[in-house]
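A.B. asks: could you look at this predicted model? Sequence included:
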Amino acid sequence: MSTDLKTVRVELGDRGYDILIGEGLIARAGELIQPLVRKGRDRVFVVADETVAKLHGEALQAGLAKAGLRGLMVTIPAGESSKSFQHLEDVLDFMITNGAERDDLIVAFGGGVVGDLTGLAAGLMKRGARFVQIPTTLLAQVDSSVGGKTAINSRAGKNLVGLFHQPVLVLADLGVLDTLPERERAAGLAEVAKYALIDLPEFFDWLEANAPKLRAGDKAAMAEAVRVSCASKARIVALDETEQAERALLNLGHTFGHALERSNAFGPDLLHGEGVGAGMAMALRYSVQLGVCPGQDAVRAERLLNALGLATRVKALKNPQKYKAAELLAHMAHDKKAKNGKLTLILANGIGKSYIQRDADTGPLLAFLEAETAS
């Protein structure tokens, strides 16, 4: 393998697990998963999106077969719209019809949509089956595959139906990133930048220096970005698994970003990472407006996000006319961090100095959104 295998541990007591980062892990999937399969079983259930199944399905099946395992695979359409009750039901029906039991192992093979849906299906399967994450996008490798958040979307908003259900192993194969479109890579880099903006200013410096390499998909730079991001998320998850306090910081940019996604009806014009990238820039600009963040820090953050290939202004998104201030605010009110009808925002005192603002005042927020969405 051209990059050394790296291991990041998520410390959750007897529910802790490893994140393995390197190349060639799909080819070794059977060897790495076999110790988790119950004795006497020669199968695992695999949930994949159709694109990933076409690109990497045979490689995964071959990797499983080397260890004497069969992958019973069900596919779902690629895209955010698959995080639905209908596709959740389809996945559960497939497993139940094929005799799934609580001690079966389920594999999520795809990006964040597949990971979220599969994790929820595993948590519901006969009140809780174990599952392995094999994330195939940068965004999933650095964020959604780690930490046990699982969910589907509802008509009212994003990720509103879900539960915390930790995987038992994460295999982040850097080799699959070679087939990732440039736009998807940039979307993943938004989540990488998030960790720097939360509480890792030195990592922010490194990202600034390495932005051209990361945007081009340089393997060594990507490996380091994935390692640092996973280690950062593992540390925060270990402190606050169910998002009662510190873990909310991982939603930097997401309250704004999810509102943008909802206004786009979760359509292909705006990827999740693109929404997060714009949302983080908005969060820092709003922090400046509130007088809690130096303006130069918001400018510096915006420049980094632009260098990573991300739009940071609503007017720079596709079809910007669809984003209306009042509608965005209404979507933010449905955010799952809201409490007692009050908004919770993740804002920043500067680069690497994010904080949680509870009971946010919607008056200045609406004025800010009106300025942001003005043509």
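C.D. replies: Perfect, I can see it now.
A.B. asks: and the strands in this structure?
C.D. replies: 6-10, 17-22, 43-49, 70-76, 105-110, 130-135, 149-154, 157-164, 169-173, 343-348, 354-360 (DSSP state E).
A.B. asks: list of residues touching the last one?
C.D. replies: With CB atoms under 8 Å, 6 or more residues apart in numbering as the test, strand 354-360 has contacts from 197-199, 245, 248-249, 252, 339, 342-349. From N, CA and C alone the C-beta is placed, and that goes for glycine too.
A.B. asks: ok, now the third one?
C.D. replies: By CB under 8 Å, 6+ apart, the surrounding residues in contact with strand 43-49 are 33, 37, 57, 60, 64, 69-79, 82, 91, 94-95, 98, 100, 104-111, 113-114, 117-118, 121, 132.
A.B. asks: parallel or antiparallel, which strands does it pair with?
C.D. replies: strand 70-76 (parallel), strand 105-110 (parallel) (DSSP bridges).
A.B. asks: next: the longest one.
C.D. replies: Here strand 157-164 has these sheet partners by DSSP bridges: strand 149-154 (antiparallel).
A.B. asks: quick one: the strand it pairs with to strand 130-135, angle?
C.D. replies: Angle of strand 149-154 versus strand 130-135, following axes from the mean of the first three to the mean of the last three CA atoms, to 10 degrees, is 80 degrees.
A.B. asks: averaged pLDDT, strand 149-154. What do you get?
C.D. replies: In this model, strand 149-154 has a mean pLDDT of 94.
A.B. asks: may I have that strand as CSV, with CA atoms only?
C.D. replies: Provided in CSV are the C-alpha atoms of strand 149-154 (Å, rounded to 0.1, in the frame of the first residue of the first chain):
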residue,chain,number,x,y,z
LYS,A,149,-25.3,9.3,14.4
THR,A,150,-27.8,7.6,12.2
ALA,A,151,-30.9,9.1,10.6
ILE,A,152,-33.3,9.6,7.7
ASN,A,153,-35.0,12.9,6.6
SER,A,154,-38.6,13.8,7.0
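A.B. asks: any idea how far that strand is from the chain center?
C.D. replies: 12 Å (CA atoms, centre = their mean, to the nearest Å).
A.B. asks: please, where are all the helices along the stretch 201-350 of the chain?
C.D. replies: Assigned by DSSP state H, counting those that start in this stretch, the stretch 201-350 of the chain shows helices spanning 201-216, 219-239, 254-263, 272-289, 295-307, 325-333.
A.B. asks: got JSON lines for those helices, with mean pLDDT too?
C.D. replies: Shown next, in JSON lines, are those (pLDDT from 0 to 100):
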{"stretch": "helix 201-216", "mean pLDDT": "97"}
{"stretch": "helix 219-239", "mean pLDDT": "95"}
{"stretch": "helix 254-263", "mean pLDDT": "95"}
{"stretch": "helix 272-289", "mean pLDDT": "97"}
{"stretch": "helix 295-307", "mean pLDDT": "98"}
{"stretch": "helix 325-333", "mean pLDDT": "94"}
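A.B. asks: quick one, which of these is nearest to Glu372?
C.D. replies: helix 272-289 (6.2 Å; CB to CB).
A.B. asks: now for the closest one, which elements pack on it?
C.D. replies: Packed against helix 272-289 by the contact rule (3 or more CB pairs under 8 Å, 6 or more residues apart in numbering; DSSP states H and E) you find helix 182-199, helix 254-263, helix 295-307, strand 343-348, helix 362-373.
A.B. asks: tilt between that helix and helix 325-333?
C.D. replies: Computed by the same axes, to 10 degrees, the angle separating helix 272-289 from helix 325-333 equals 100 degrees.
A.B. asks: what's the closest of the helices of the stretch 201-350 of the chain to Met125?
C.D. replies: helix 219-239 (22.6 Å).
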